[in-house]
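1. Mind folding the following:
(one chain, ligands or ions: 1)
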Amino acid sequence: MNMESDFHMAKGEGETSYINNSRIQQKALLETEVVLEKAVREVRMDLHQPVMTAVDLGCSSGKNTLFFVSKVIKVLGHDSDEKSRCNPVELQFFLNGLPGNNFNHVFRSLERFKESITARHKENTPLPPFYIAGLPGSYYTRLFPRQSCHLFHSSFCLHWRSRVPAGLEEGGREYLNEGNIYIAKTTPAGVAELYQRQFQNDMLLFLKLRYEELVLGGQMVLTFLGRKYEDIYNNGYLNHPWGLLARSLQSLVEDVRKP
Ligand SMILES: C[S@@+](CC[C@H](N)C(=O)[O-])C[C@H]1O[C@@H](n2cnc3c(N)ncnc32)[C@H](O)[C@@H]1O
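-> Purely as a prediction, here's the structure:
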């Protein structure tokens, strides 16, 4: 599987689509909004140019997609201090996702978003001018010129690896991970190490790339799933659903293989 070209959330707008099944992700956005607000204010304080470039990495599509954009606009719209009045800032947003992301849906929702945010905004505090662009590509590659971004945001994305760990899909060996799709109780230690190494490589690469792209004094707000316990075989309540999912997938594969 090529993550960059093949990977995407469940498409469409139906019952099983990501758009209609992203409440946990929405909860994460709401729980971290205070952190985001603080970062936006601090970036604004340090800004020495008229344009702030803000990026949502792994934006997906649906209700959550424009949460980041609306939050940044609201914070800057409400803060009418001396600096904001004398030097009003313009906002350039980039919504990043893998090429298979439903950008059509995102683009179609922009007009309605602009109307609703303008209607909701109080007249005495002018809305900062903002511009929104889509940016297809993996955040495990360079996405921007050097020192050109002020704020990176990413929610519920960075736990996705850039690839199946090297070594896991080689040689056509089957069930190297004992049929698990994750680090589960029966995962061999060597396989767990492959996942860990892949995470370390991906994260290091991600941080190096964003370091290149951020301006001095820029900030990142990154929210992603992690493990609660040192023991990597213990992932609390998540072990059970992943195990069930792995078994369901396996039985589907067996069905397909039956002569
Ligand atoms: C669970 S969704 C979260 C979407 C959105 N941020 C939210 O809070 O609802 C994860 C998103 O990350 C994207 N993603 C995963 N790996 C990526 C990568 N390497 N580069 C860009 N986007 C990626 C997926 O395509 C998917 O849209």
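2. Let me see the contact set for residue 17.
-> Taking CB atoms under 8 Å, 6 or more residues apart in numbering as the definition of contact, the neighbours of residue 17 are 9, 10, 11, 62. Where C-beta positions appear, they are placed from N, C-alpha and C, glycine not excepted.
3. Distance check, it against residue 102.
-> 9 Å (CB to CB, to the nearest Å).
4. what touches both of the two?
-> Residues touching both residue 17 and residue 102 by CB under 8 Å, 6+ apart: 9, 11.
5. where does the stretch 51-200 of the chain come near the ligand, residue by residue?
-> Residues of the stretch 51-200 of the chain found near the ligand, taking CB under 6 Å from any ligand atom as the criterion, are 58-60, 64, 96-98, 101, 138-140, 155-157, 160, 162.
6. please redo it, this time with the cut-off set to 8 Å
-> By the criterion of CB under 8 Å from any ligand atom, the positions of the stretch 51-200 of the chain lying close to the ligand are 56-62, 64-65, 67-68, 96-98, 100-101, 137-140, 154-157, 160, 162.
7. Buried ones in the helix or strand that residue 45 is a member of, by neighbour count?
-> Secondary structure here is read from DSSP states H and E; on that basis residue 45 sits in helix 33-46. By 16 or more other CB atoms under 10 Å, the buried positions in helix 33-46 come out as 33, 36, 37, 39, 40, 43, 44.
8. average pLDDT for it?
-> The predicted model gives helix 33-46 an average pLDDT of 96.
9. what residues does that helix touch?
-> Helix 33-46 is contacted from outside by 52, 54, 68, 71-72, 75-76, 79, 83-84, 89, 150-151, 153, 217-221, using CB under 8 Å, 6+ apart.
10. For the chain, which helix extends over the most residues?
-> Among the segments of the chain that qualify as a helix by DSSP state H, the longest is helix 189-213.
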